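A.B. asks: Got a sequence here, can you build the structure:
(2 chains)
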Amino acid sequence: MFEDIPVDVGLVHEGERIRKSDMQVELGGPKVSEKFELVRLKPEEEIDPGAIHIIGPDLSELKEGKSHPFGILIEIAGPEIEENLEGVIERRIHEYCNYIEGFMHLNQRYDIWIRLSKKSFKKGLTSFRMIGEVMQELFRNELPIIRAIEITFITDQEQIRDYYTQALAIYEARDARARGLTDEDVDVFYGCALCQSFAPTHVCVVTPQRYANCGAISWFDGRAAARIDPKGPIFPIDKGECLDPRMGEYTGVNESAKKRSMGEVERIYLYSGFGYPHTSCGCFEGIAFYIPEVEGYGIVHRGFRDLSVNGLPFSTMADSTAGGRQIDGFHGISIEYMRSRKFLQADGGYEAVVWMPDEIKARLSEYIPESVYGAIATEKDATTIDELKEFLKTQNHPVVGRWVEMSEETNETAVFTAGEIPITTGGFRIILKNARIYADKVIIQPVQPKKPGRGEMQ
Amino acid sequence: MGTRDISIRIKEIETEIGQIKDIRFSVGRLAQETWDEPQGPTPFPSITALRDWDLTLLKRYKPFYLPFCDLCCLCTFGKCDLTGDKKGACGITMPAQQSRIVLLAACIGAATHTSHARELVTHLITEFGEDERLDPGGLNIKVEAPITRLVCGVKPETLGDLEQVLDYAEQQITSLLACTHTGQEGNPLDLESKVFHTGMIDHLSMEVADIAQVSAYHLPKADPDAPLIDIGFGTVDTTKPVILVIGHNVPPAVEIMDYMQENDLVGTIEVTGICCTGIDMTRYSQKAKIIGPISWQIRYVRSGIPDIIVVDEQCIRTDILDEARALQIPVIATSEKNCLGLPNRTGDRSDAIIDDLVSGRTDGAFILNPEMVGEIAVRTAMRMRPKHKKKKGSILSPDEAIEEAKRCTQCRECRRACPNDLHISDAMRAFGRNDPTMLAEIYDACVGCIKCEQACTQDIPIHSLIIIAAGEKLKNEAFRLRAGRGAIQDIEIRQVGGPIVLGEIPGIVAFVGCANYPGGGHELAEMAIEFANRRFIICTSGCAAMTIGMYRDEDGRSPYEIYPGNFEAGGMVNVGSCVSNAHISGAAVKIASIFARRNLRGNYEEIADYVYNRVGAVGVAWGAMSQKAASIAAGFWRLGIPVIVGPHGTKYRRMLLGRSDHDDDWYVNDARTGEQVYVGPVPEHLFIAVETKEEAMVMIAKLSMRPNDTSRGRALKLTHYIDLHRRLLGSMPTDIHRFVRLEADIPITMKEDIVAILKEKDWRETVIPDPTLIQKKEGSS
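C.D. replies: Next up is the predicted model:
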């Protein structure tokens, strides 16, 4: 497939690192400001299929050991491609570059950082043309929806400026469009069954305003994947009729869930942790957990190493959350979903959130409404429910208004009471008078079978 | 558990004998109150409870026999020749006899770990009390004892809770061993099923031993950043008194370090270890040092560096006392399982024992009290050091060594005796001419068994000569090993879930086992590095973990310095000693609990089926040698995890090989549809020996495939398999078509080539099922 390329091309080179002492040249990276990679959709007739342009010095002409400004512009055409998918296709540049032996690619968009190794350069990888050929081949093979492709590499110090400014504007417009897209704007959601390989009853529903639990698949990713591989694990869900806009219940989602979970899950509320919450597999990034004492949600993410405010660590709550089940009040989520305006909308959104780790709060500061931001506690404000209650009261968190007088402590009930309990043992009679035995929970089970073999019960 | 010792306080009791006030009752185990997971079908399974599952696996992976010995000489009917179709006097056939010996070996292995665990737990209970909480990983571990939960259906919370688990293990091993009696089990597959059961018990006991010591001694608790510690001959400061500890059971070594701590001696004495005690004591203290794997015993003792040797149990040379005696190094035996013929001095005063050891009045002492051992070892070492110093050159001088070499008659008996067929006699000739190069090269591949010396007709101390020739190499053995971290965190398992399904992590490779390497330890390190670079998750333990650490890249870093200790793509995860192997199988088991929320409790078959069909884990025991290695491997097989061994592994008498050409063998039930689906030969073998490092690497990549692989995951696994096959074996594999289910499985960068192959092989697309080998029973959920 890549006979004309002087170095190996394969998935095995992903993750290869090239150290400074081994690099021929550096393209982009922290030392240069003008760097970008961009995919643009164009009408087919405006594309010169297979063309590769190099504006500025080629790899062999770039000064060894130095960092250079760098841009990759890929123009594509195809009837099934829409502008919405540019970002998804653009991210393949990272993968494809890394497949090339000795060509390391990090980051994306205006932040790219590429290194070519001396070894690969010596082997003959001396022109962007080769890189372009590999990319074209891979794009055509993996994404047959691309009908025509034209690639331009830019290293010219002067000319790159215009391209760069233009690219920044396009990223901005693309982000604004993505942020503005709501679940109401589209007719199709996407289901992802990738995790079914480990959690067979879990099906993720990915909507413009609800990222997949793992945080790795957006609605755009889903859309691209479903078009590229219609038989693959990501499939379109015709969202159908909206039964409840607040809860986020759709007929199409319900039908799909029922079918894909083999009847285990019949209804799904996309924006609530109660009733029929979205199922959770195992790789969710965080958990929204309901704290009954304060009638609000705590949030904890995978990286939080201490006890959450309810006294439980992530691992314990994750155990209650996972496995493709619908558990009231334990809700697996992605961090990206927490940036959505639909985030737990039915339960009050951020007004229902009472606690989250400081790290996450800082990361989400732009997305948490200012009115409630200060009233959400972190581990610095509260590490127990009592402290949390106090904090919420002081901050006048919206949940406080909902609190009703808690009834007095319930009386403990003895599991066993008797005026007299006679026990006859070893020739003695023992009478327990007014004995009361209390237990949090009583389960009586045989402990170990008398002899092995009881386990064989058919 | 947690409800042991329920206590009831009663203010007043009237009995016929009188009135008793303020009495407190303690009731034994009553119930399991803190665990609401429903009990599965097979808690504490008997030796046949999981037979159906075993036979399901054995139907795919039939034993392929490689008799190591044609005779049976286990009873007085014999010896019986079993070659051809012959049967023994009891009626046994060759296949059954091979499986029987495997069972015997596995029983020895499992008994060893179980007894080790029992001794350790009993000691720790004496020291810390039975209510000492088990805590193998703090907040990041919810499933504290996955194997115990899975096999026994109990949830241990304290040291005392572990005793019940060991009671069960001991009962099982007794029954299993009984099966090898004359005129008992004679069906090869039934014997194999019992081998699997033994392996499962082995993992159970290993888990008990490790979580007990991690909890009580506060060894690293599932810590990816466990400290880097010193390993190698060259790390020892020989100006200080040196203690050598050999074996597997760590309490005496712990007491040595505690004694040093209490008496302000830390830093003034070197505590060095060989084999797993070495690993476990560096988990206890970063200041302890590891010399190397099991095969370093003779070379280190003969170096004259140790001032005292303390042995506990397992994998200790049985002639250690003879070797030590030659250099006047006293030996302390500390285990009832390994008394070395020494007098029991447990009841004597420490001062008297020390005087006897230092003066040479006695070669050694047998002391069953670890605390006493701690004191005596330290004090003896301090007094022995000046004495040993005076006797510098206790090992041969270079000139003497050359004179010895000159006595060689070139009879070549040494080479014949050598398990690795090393060219010893040629090297001896060169050395006699003052050219040590060849002999020094032999050092790299020498497993330290000294069979050459036993065979030598001239009684030349060949191994000593090898060490002298390789003197510089030995001095340069100074590396860094990440201390055994213990279990894998639940959180880490959750984190790798996404990357595995998205095809970013191709699999998990566990490098375990002993140091019986066919071509030196560097091969093992090279394999580990290759797969870490390929973003597999690498787990290591025991001697294999050490060997991987005894390697340097061009910048002088060991693999543990290059790769992180996290359970993640490209991580190099040293779980710890032999008994820590249970954390590797435990991690596979936890995946089922964490992702699919399958109940573990007493639910072995379902979980094994899950692991087998989904978790792309492969074990590699490149230098497998002992009976423990046999039982450890068997424990992986029952979970459906394939194991690859080096060429010496054929001496385990049979392989468990799948037949990729038998299409009928490779159907699974699709739990979604109930239909039977062909999934290809994945994993193709359950137990296979390969000759070379190159074959091993290709096999690792191949055996990491599973029926549930997503297309991206399969494409990645295929890429590694094909790439390694091309690079190391020089050709395209001929069975690619068996591993492609959908077009999307084809690695994108190889599409044209593979599509051509598929066409040629008349390949047809199939589906990716929800795979299981278990037929769903009516009414079960």
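A.B. asks: Just the local confidence number for residue 438, please.
C.D. replies: No chain specified, so I'll use chain A. Note for A:Y438: predicted pLDDT of 58.
A.B. asks: that's the wrong chain, I wanted chain B
C.D. replies: Looking at B:M438, its pLDDT stands at 96.
A.B. asks: got a list of what it touches?
C.D. replies: Contacts for B:M438 (C-beta atoms under 8 Å, 6 or more residues apart in numbering or on different chains) come out as B:H423, B:D426, B:A427, B:A430, B:F431. All C-beta atoms are positioned from the backbone trio N, CA, C, and that covers glycine.
A.B. asks: cool, and B:P156?
C.D. replies: With contact taken as C-beta under 8 Å, 6+ apart, B:P156 is in contact with B:M1, B:L134, B:E144, B:A145, B:T148, B:L162, B:V165, B:V208, B:I211.
A.B. asks: Check the contacts of B:M438 against chain A and report the nearest one.
C.D. replies: Nearest to chain A, judged by C-beta to the nearest C-beta, of those is B:H423 at 35.5 Å.
A.B. asks: Wait, a helix at B:T198?
C.D. replies: Yes. The assignment for B:T198 (DSSP: H, G, I helix; E, B strand; the rest coil) places it in a helix.
A.B. asks: Distance-wise, check it relative to B:E185.
C.D. replies: To B:E185, B:T198 is 12 Å away according to C-beta to C-beta, to the nearest Å.
A.B. asks: who has more neighbours, these two?
C.D. replies: Neighbours were tallied for B:T198 and for B:E185 using other C-beta atoms under 10 Å in any protein chain shown; the higher tally belongs to B:T198 (30 against 21).
A.B. asks: quick one: that one and chain A, what's the gap?
C.D. replies: For B:T198, the distance to chain A equals 14 Å [C-beta to the nearest C-beta, to the nearest Å].
A.B. asks: which residues does the spatially closest residue to that residue that is not a sequence neighbour contact?
C.D. replies: Of all residues not flanking B:T198 in the chain, B:A106 sits nearest, at 4.0 Å (C-beta to C-beta, 6 or more residues apart in numbering or on different chains). Counting by C-beta under 8 Å, 6+ apart, B:A106 touches B:L176, B:V195, B:T198, B:G199, B:D202, B:Q627, B:A630, B:S631, B:A634.
A.B. asks: Can you tell me the closest non-neighbouring residue to the last one?
C.D. replies: To tie it back to what came earlier, the one meant is B:A634. Spatial nearest neighbour of B:A634, excluding adjacent residues (C-beta to C-beta, 6+ apart): B:G199 at 2.6 Å.
A.B. asks: Tell me the predicted confidence for the one you found.
C.D. replies: On the pLDDT scale, B:G199 gets 98.
A.B. asks: now swap in B:I493 and tell me
C.D. replies: So, for B:I493, pLDDT stands at 93.
A.B. asks: contacting residues for it?
C.D. replies: By C-beta under 8 Å, 6+ apart, the contact set of B:I493 is A:G282, B:F567, B:A587, B:K590, B:I591, B:I594.
A.B. asks: hang on, the first one packs against B:F595?
C.D. replies: Yes. Between A:G282 and B:F595 a contact is recorded at 3.4 Å, counting by C-beta atoms under 8 Å.
A.B. asks: Looking at the two, which has the bigger crowd around it?
C.D. replies: A:G282 (32 against 29).
A.B. asks: now the more buried one: how far from chain B?
C.D. replies: Taking C-beta to the nearest C-beta as the measure, A:G282 and chain B are separated by 3 Å.
A.B. asks: quick check, that residue in a strand?
C.D. replies: No. A:G282: not assigned to a strand; according to three-state DSSP it is coil.
A.B. asks: B:R317 and B:L340, how far apart?
C.D. replies: 11 Å.
A.B. asks: can you check A:A77 too?
C.D. replies: From A:A77 across to B:L340, the span is 81 Å (C-beta to C-beta).
A.B. asks: and if you look at B:E743?
C.D. replies: In this view, B:E743 and B:L340 are 65 Å apart by C-beta to C-beta.
A.B. asks: how is the chain carved up into domains?
C.D. replies: The chain I'm using is chain A. What automatic domain parsing lists as the domains of chain A is A:11-179, A:183-402.
A.B. asks: Oops, wrong one, chain B.
C.D. replies: Using automatic domain parsing, chain B is parsed into the domains B:398-475, B:479-772.
A.B. asks: Tell me how far the residue nearest to B:A634 lies from chain A.
C.D. replies: Here B:G199 is placed at a distance of 17 Å from chain A (C-beta to the nearest C-beta).
A.B. asks: now whichever residue of the stretch 301-450 of chain A sits closest to chain B: how far from B:I700?
C.D. replies: Going by C-beta to the nearest C-beta, chain B is nearest to A:G323 of the stretch 301-450 of chain A, at 2.1 Å. A:G323 is 30 Å from B:I700, where distance means C-beta to C-beta.
A.B. asks: quick one: buried residues of stretch A:259-276?
C.D. replies: By 16 or more other C-beta atoms under 10 Å in any protein chain shown, the buried positions in stretch A:259-276 come out as A:260-261, A:264-265, A:267-274, A:276.
A.B. asks: What of stretch B:183-193?
C.D. replies: B:E185, B:G186, B:P188, B:L189, B:D190, B:L191, B:E192, B:S193.
A.B. asks: mind listing the strands for the stretch 301-450 of chain A?
C.D. replies: Assigned by DSSP state E, counting those that start in this stretch, the stretch 301-450 of chain A shows strands spanning A:330-333, A:353-355, A:416-425, A:428-437.
A.B. asks: Spell out the residue ranges of the helices in chain A.
C.D. replies: Using DSSP state H, the helices found in chain A span residues A:86-90, A:92-99, A:118-123, A:128-142, A:159-180, A:219-228, A:251-260, A:314-321, A:358-363, A:370-373, A:385-395.
A.B. asks: Mind giving me the packing neighbours of the fifth one?
C.D. replies: In this structure, helix A:159-180 packs against strand A:35-41, strand A:70-77, helix A:86-90, with contacts taken as 3 or more C-beta pairs under 8 Å, 6 or more residues apart in numbering or on different chains; DSSP states H and E.
A.B. asks: If we use 10 Å, what do you get?
C.D. replies: Using 3 or more C-beta pairs under 10 Å, 6 or more residues apart in numbering or on different chains; DSSP states H and E as the contact criterion, the neighbours of helix A:159-180 among helices and strands are strand A:35-41, strand A:52-55, strand A:70-77, helix A:86-90, strand A:148-154, helix A:219-228.
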